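1. Need the 3D shape of this:
(2 chains)
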Amino acid sequence: MRMLILSGNDALREQVGDIRPLEQAIMQYIEARCDYEISFCYYDTPNKYRIKPVAREAKAIREYILRVEKKWGEIDFLLLLGGDGVVPFFRLDNPCDDGDENVLSDNPYASRDDNFIIPERVCARIPDNRSGDFIARQLTKAKSFHNKSFGLTARVWLLASENVYRSIGKPGELKISPPVTEEKFRADWLQKRDYLYFNVHGSKASANWYGQDAGDYPVAMAPRNVMGAAGVVASESCYGAYIIGKTQDDAICLKFLAEKEILGFCGSTTIAYGPAAPPSGEADLLVKYFFEYLQQGLTLGESLKNAKLDFARKSLRRRGFLDDDDQKTLLQFVLYGDPMLCALDEQVRV
Amino acid sequence: MTIDRQHLDKIKQKIADEYPEFKDIEPQISEKRIKPQESVYEKLDMGVPKQFINVYRLRFERTVTTTDKVPIERILLVTLDENFEIIKIAESR
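-> Predicted coordinates for the structure are as follows:
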């Protein structure tokens, strides 16, 4: 199995300052993962593949990856280091007629051909959060197995959420908002867990996630509610994985990743969709499959990739085509964190 | 063929009953001719795609405000088949 770790030297320096400690952490990571063939390079500096450096543009960086693959062989795992300012998201045409001008996506990096909807390799990203130490810490994550999960749903989507949560816990355990609000949120709900599931509202303009009961939209959770959290996070909220111009102070996903025992975060960069009740569709179905693969012991990266493939197959079998919101779901969900970690390992460590 | 008033009223009534927050919202209606998605089928080893399919999309949209005064765009998408039967309903998260 081959893994390419890719970043931009200039851009990374701009975002985090001194990158030498991070480079050292990457080398230690590569040495520790001797079961994989791992290569690390910057797209904008001379490299061992003798590939011409490229500019900080998504299309050029994708071409660069394809050229590395030609020289090195098939890349199974791709790990992008840095946020949009280092390795830009692709801005793809939005298949849905909604408020998003484009869909921010990493799917083209996971694809070898021009059909970006269906990924062919694992692709994950470690956002920079303006800190080299933040990135390095994602490469040394460890947690114990607790055999416990947590789920939070907007009241209006309780039935839909129960159908997803069933794969990781007992539906009766789900917390519901309202009555749950940021004031009533207990930090220990997120501690000593293996999986954390969220089916709540989100907004690009706010750091918070929201519940719903009819016309009431309370703040269900704020970044300050994340303390000592553990596990793999999957969130269906709109903009749950939106990180442009954000840090852990105003993005729950980054706050989660700053936690020592959070292995990864799977979420949407833009407006996401789902049904109000079963059967699961769109974001519900994708997250359900993601959890199911994690439960089988697959890595985080393989779990999201396989979830996308199964999601597409299921949608085609149901209707014969991928409609607008199916396509958007496949493009908008991204994985943050080390894609090689498994949720099920007794002691997950690099 | 465009969706007639009778079918539209029936769907609007269903939405009003099951999704009361979208009651009295006039949907934007679009007709889509879905091309066979050969490359998707090919990448998934799923054989031959269906031929052209016509669907109708009804988009109900409104802006709500959260308790901390953040505006959120709420969207409800209803997909209909050629016979104006509902294939699926999805709402923004």
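2. going forward, measure contacts between C-alpha atoms and count neighbours the same way
-> Will do.
3. so for stretch B:10-26, what's the average pLDDT?
-> Here stretch B:10-26 scores 94 as its mean pLDDT.
4. how far does the strand ranked longest in chain A sit from the chain's center?
-> Looking across chain A with DSSP state E, the single longest strand is strand A:261-268. Mean-position distance between strand A:261-268 and its chain equals 5 Å (C-alpha atoms, centre = their mean, to the nearest Å).
5. Does the longest helix anywhere in chain B reach chain A?
-> Identified as the longest helix of chain B according to DSSP state H is helix B:5-18. No. Using C-alpha under 8 Å from any C-alpha of the partner chain, helix B:5-18 never reaches chain A; the gap is at least 9.4 Å.
6. Show me which residues of the next helix or strand after that helix are buried.
-> Later in the chain than helix B:5-18, the nearest helix or strand by DSSP states H and E is strand B:28-34. Neighbour-count burial for strand B:28-34 flags B:29, B:31, B:34 (criterion: 16 or more other C-alpha atoms under 10 Å in any protein chain shown).
7. hey, C-alpha coordinates of the longest helix of chain B in CSV?
-> What follows is helix B:5-18, C-alpha atoms only, in CSV (Å, rounded to 0.1, in the frame of the first residue of the first chain):
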residue,chain,number,x,y,z
ARG,B,5,-52.3,22.6,-10.9
GLN,B,6,-54.1,19.6,-9.4
HIS,B,7,-50.8,17.6,-8.9
LEU,B,8,-49.0,20.7,-7.6
ASP,B,9,-51.7,21.4,-5.0
LYS,B,10,-51.7,17.8,-3.8
ILE,B,11,-47.9,18.0,-3.3
LYS,B,12,-48.1,21.3,-1.6
GLN,B,13,-50.8,19.9,0.8
LYS,B,14,-48.6,17.0,1.6
ILE,B,15,-45.6,19.3,2.3
ALA,B,16,-47.8,21.5,4.5
ASP,B,17,-49.0,18.5,6.5
GLU,B,18,-45.6,16.9,6.9
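8. Adding distance to residue A:156 and pLDDT, write the buried residues of strand B:28-34 out as CSV.
-> Listed next are those as CSV, based on distance: C-alpha to C-alpha, whole Å; pLDDT from 0 to 100:
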residue, distance to residue A:156, pLDDT
B:29, 25, 95
B:31, 29, 93
B:34, 31, 90
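9. Can you say which helix or strand has residue A:176 in it?
-> strand A:175-177.
10. strand partners of that strand, parallel vs antiparallel please.
-> strand A:149-154 (parallel) (DSSP bridges).
11. now what about the strand it pairs with, what contacts it?
-> Contact partners of strand A:149-154, identified using C-alpha atoms under 8 Å, 6 or more residues apart in numbering or on different chains, comprise A:161, A:165, A:168-169, A:173-178, A:189-190, A:193-201, A:210-213.
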